[in-house]
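# Turn this into a model:
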Amino acid sequence: MDLIVTLQCKDQPGIVHAMTTSVLESRGNIIENQQFTDPTTLDFVMRTRFETESSLAEVEKILGAGLDRKSTRLNS
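Got it, this is the predicted structure:
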């Protein structure tokens with residue numbers, strides 16, 4: 001399954017680590033990734049596309065736990 005996760009939150013240390021760890025825990029492989037921080041608002045925005053054999057429900061659970069308190073959206 002090919003999935004896209006978008007994330008937006010205030011910039012802080014550990015965001016990329018949390019995303020990549022969550023993808024790894026869902027037995028995923030990152031295909032592409034874009035990220036930036038808006039210099040005016042200090043909002044961090046990230047889009048990660050990855051493939052996984054895990055179910056959508058399992059991926060949502062893992063991402064929810066790994067990226068708590070951050071605004072994420074998962075698209076399959």
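
# Model confidence for residue 74, exactly?
Here the pLDDT value assigned to residue 74 is 64.

# er, residue 69 I mean
On the pLDDT scale, residue 69 gets 62.

# and residue 47, what helix or strand is that in?
strand 43-52 (DSSP states H and E).

# Remind me what that strand packs against, helices and strands.
Secondary-structure packing of strand 43-52 (3 or more CB pairs under 8 Å, 6 or more residues apart in numbering; DSSP states H and E): strand 2-10, helix 15-25, strand 28-37. All C-beta spots, glycine's among them, are computed from the backbone N, C-alpha and C.

# now the ones you listed in a markdown table, with mean pLDDT, mean neighbour count and distance to residue 64?
What follows is the helices and strands packed on strand 43-52, written out as a markdown table (pLDDT from 0 to 100; neighbours: other CB atoms under 10 Å; distance: least, CB to CB, whole Å):
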| stretch | mean pLDDT | mean neighbour count | distance to residue 64 |
| --- | --- | --- | --- |
| strand 2-10 | 92 | 16 | 11 |
| helix 15-25 | 95 | 17 | 9 |
| strand 28-37 | 98 | 13 | 15 |
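
# okay, these in JSON lines with distance to residue 44 next?
Below are those laid out as JSON lines (distance: least, CB to CB, whole Å):
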{"stretch": "strand 2-10", "distance to residue 44": "6"}
{"stretch": "helix 15-25", "distance to residue 44": "6"}
{"stretch": "strand 28-37", "distance to residue 44": "5"}
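
# Skip the chain neighbours and tell me the closest residue to the most centrally placed residue in the chain.
What sits nearest the mean C-alpha location of the chain, by CA atoms, centre = their mean, is residue 19, with 4.3 Å. Sequence neighbours aside, residue 48 is the residue nearest to residue 19 in space, at 5.8 Å (criterion: CB to CB, 6 or more residues apart in numbering).

# Would you mind measuring from the one you found to residue 11?
16 Å (CB to CB, to the nearest Å).

# of those two, who's got more company?
residue 48 (23 against 14; other CB atoms under 10 Å).
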